[in-house]
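[1] pasting a predicted model and its sequence here:
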Amino acid sequence: MSSGASNTEYVSARVRARKAALFTDEDYRKLVRMGPSGIARFMEESEYEREINELGARFSGVDLIEHALNRNLAKHFGDLLEWSEGRLYDLIARYLRKFDVWNIKTIIRGIYTGTPAEEFQTDLIRAGELDDATLDRLLEVETIEDVVELLDGTTYAEPLGDAREEFEETNTLVPLENALDREFYVHLLDNLGRPQEGPEAKYVEFLQAEIDFRNARNALRLARSGADLDPASYYIEGGVLFDESELNQLVANPDELVDHIADSKRYGNRLSEALSRLRDADSLIQFEHAIDAALLEYADMLSSIHPTSVSAVLSYILAKEREVENIRAIARGREVGLSESEIEEELVIQ
Amino acid sequence: MMEELVLATETVLQNGTTEESPFLTDSGAAALAVGLSALAAGYAERGIGAAAVGAIAEDDDLFVPGLIMTVLPETLVIFALVVVFVI
């Protein structure tokens, strides 16, 4: 944790400028009609100019788009950590650790499937707290045991070490990935307490919302997959919407789950529109997109309550992630020949 | 009895008057007002300036609006200067 005063005003001004530069609905509508090379050209004339030019010689088509997106995301989020100081840094870094979790997961999956490091190293998003040197060393190791050893000293070493036994018994990645996710969410609300008012209260509120939605999503996935897994082992603590026993009951019935969200004082009114979409959604994917859109809307709302606070940064992080995922969905969708309306369904646009 | 009391009071009051200068003269109070308002303006400009520099870093065209916004709290000092002329 770094000490000293926060420079919230500076960071939120820069973040707002960058948020304004994100692609609009109009841009998405244009992109949906383009092929991969058209999308790459469109990106070259926008925010992504530098990345496309740098990578243009090495990759082409959808790969080029994907790598440019990852690199741009890493650049922007790296900037956030570079600008911010003091308490603000702490709050942002806390949230960006999810990219550390993503990177470690990617590396573990790569080792598990025996994929050479060159093939998945571009999937890493170097935006978290783990520095480049550590990540590069992680790319070189060959066993999961070594990964745990290299991460010694970070918060992930202990839960991974504990989960490794179970991994060796069952030979599935679920315990390892679960351990990482839990570690991330547990530390998300560390030392924050329960502030009653001010920007930090909103920050906690947002993180609780994210945990709640994550729980809801896990519950739905479990319900749909029909797998005989204990929902309790996926339950993440810290949310306000469900407790463990409630979630176990609601897993059986998605409609009741939605009603439960609508009845809650905190989300019911604010998310009524998204919830009606949730109700209409027939597929799980649409359901999840609606949850994502709801979270985005929630972050935006929080950032307009406290304009110069960490909420503005959070809403930017979410919006940027969404943009990257949308563009990737369009590019991949065009590649496999989905129709325009099918791709539009995949997008999460506010 | 009453007359004695009045006499005593007068004596006390007379003893109370001294030739020392007061704690704050009029111009001293005005100077303090200007100083405090300048401090307040500085505090306000701290936040605005940080935000303005952030905005300028993203987009050079915002230099002039940023500068204007940053110096707006200086009006506080100008208003405080009015006090100096009023007294």
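    That came in fine, so what should we check first?
[2] which element is residue B:76 on?
    Per DSSP states H and E, residue B:76 falls inside helix B:74-86.
[3] what packs against that helix?
    Packed against helix B:74-86 by the contact rule (3 or more C-beta pairs under 8 Å, 6 or more residues apart in numbering or on different chains; DSSP states H and E) you find helix B:26-58. The way it works is simple: take the backbone N, C-alpha and C, and place the C-beta from them, glycine included.
[4] how about the helix it packs on: buried residues?
    For helix B:26-58, the neighbour count (16 or more other C-beta atoms under 10 Å in any protein chain shown) marks B:30, B:33-34, B:37-38, B:41, B:45, B:47-56, B:58 as buried.
[5] contacts with chain A among these, please.
    The overlap between the buried residues of helix B:26-58 and the neighbours of chain A (C-beta under 8 Å from any C-beta of the partner chain) comes to B:47-48, B:50-55, B:58.
[6] that older thread, tell me the mean pLDDT for the helix holding residue B:76?
    Per-region confidence: helix B:74-86 scores 91 on mean pLDDT.
[7] with stretch A:64-79 instead?
    88.
[8] number of residues surrounding residue A:138?
    23 (other C-beta atoms under 10 Å in any protein chain shown).
[9] ditto for residue B:63
    Neighbour count for residue B:63, taken as other C-beta under 10 Å: 13.
[10] tell me which parts of chain A are close to chain B?
    A:7, A:9-14, A:16-18, A:83, A:308.
[11] 10 Å instead?
    For chain A, the residues in contact with chain B (C-beta under 10 Å from any C-beta of the partner chain) are A:7-18, A:20-21, A:83, A:307-308.
[12] now these: which count as buried?
    Applying 16+ other C-beta under 10 Å to the residues of chain A next to chain B, the neighbour count classes A:7-18, A:83, A:308 as buried.
[13] residue contacts, residue 45?
    You didn't say which chain, so I picked chain A. By C-beta atoms under 10 Å, 6 or more residues apart in numbering or on different chains, the contact set of residue A:45 is residue A:52.
[14] let me rephrase: I mean chain B.
    Counting by C-beta under 10 Å, 6+ apart, the residues that residue B:45 touches are B:52, B:69-74, B:76.
[15] now do residue A:17
    Contacts for residue A:17 (C-beta under 10 Å, 6+ apart) come out as A:316, B:54-59, B:62.
[16] change it to 7 Å
    Each residue near residue A:17 by C-beta atoms under 7 Å, 6 or more residues apart in numbering or on different chains is listed here: B:55, B:58-59.
[17] against residue A:315, how distant is it?
    Plainly put, residue A:17 is 14 Å away from residue A:315 if you go by C-beta to C-beta, to the nearest Å.
[18] ditto for residue A:31
    If you measure residue A:31 against residue A:315 using C-beta to C-beta, the figure is 22 Å.
[19] just residue A:184 next, same as before
    For residue A:184 relative to residue A:315 (C-beta to C-beta), the value is 20 Å.
[20] of the two, who's got more company?
    Under the neighbour definition other C-beta under 10 Å, residue A:184 and residue A:315 were set side by side, and residue A:315 has more, 24 against 21.
[21] and the strand or helix carrying residue A:208, what does it pack against?
    In this assignment (DSSP H and E), residue A:208 forms part of helix A:199-225. Applying 3 or more C-beta pairs under 7 Å, 6 or more residues apart in numbering or on different chains; DSSP states H and E, one finds that helix A:199-225 contacts helix A:244-250, helix A:254-263, helix A:284-305, helix A:310-335.
[22] turn those into TSV, columns for mean pLDDT.
    Output for the helices and strands packed on helix A:199-225, formatted as TSV (pLDDT from 0 to 100):
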stretch	mean pLDDT
helix A:244-250	74
helix A:254-263	75
helix A:284-305	79
helix A:310-335	88
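[23] deepest of these, which one?
    Mean neighbour count (mean count of other C-beta atoms under 10 Å in any protein chain shown) peaks for helix A:310-335 among the helices and strands packed on helix A:199-225, with a mean of 22.
[24] next SSE downstream of that one?
    Helices and strands here follow DSSP H and E; after helix A:310-335, the next one along the chain is helix A:340-346.
[25] run through who's touching that following helix.
    A:32-33, A:329-330, A:333.
[26] give me the buried positions along it.
    A:343-344, A:346.
[27] cool, stretch B:58-77 as well?
    Neighbour count says stretch B:58-77 has B:58, B:62, B:66, B:69-70, B:73, B:76-77 buried, by 16+ other C-beta under 10 Å.
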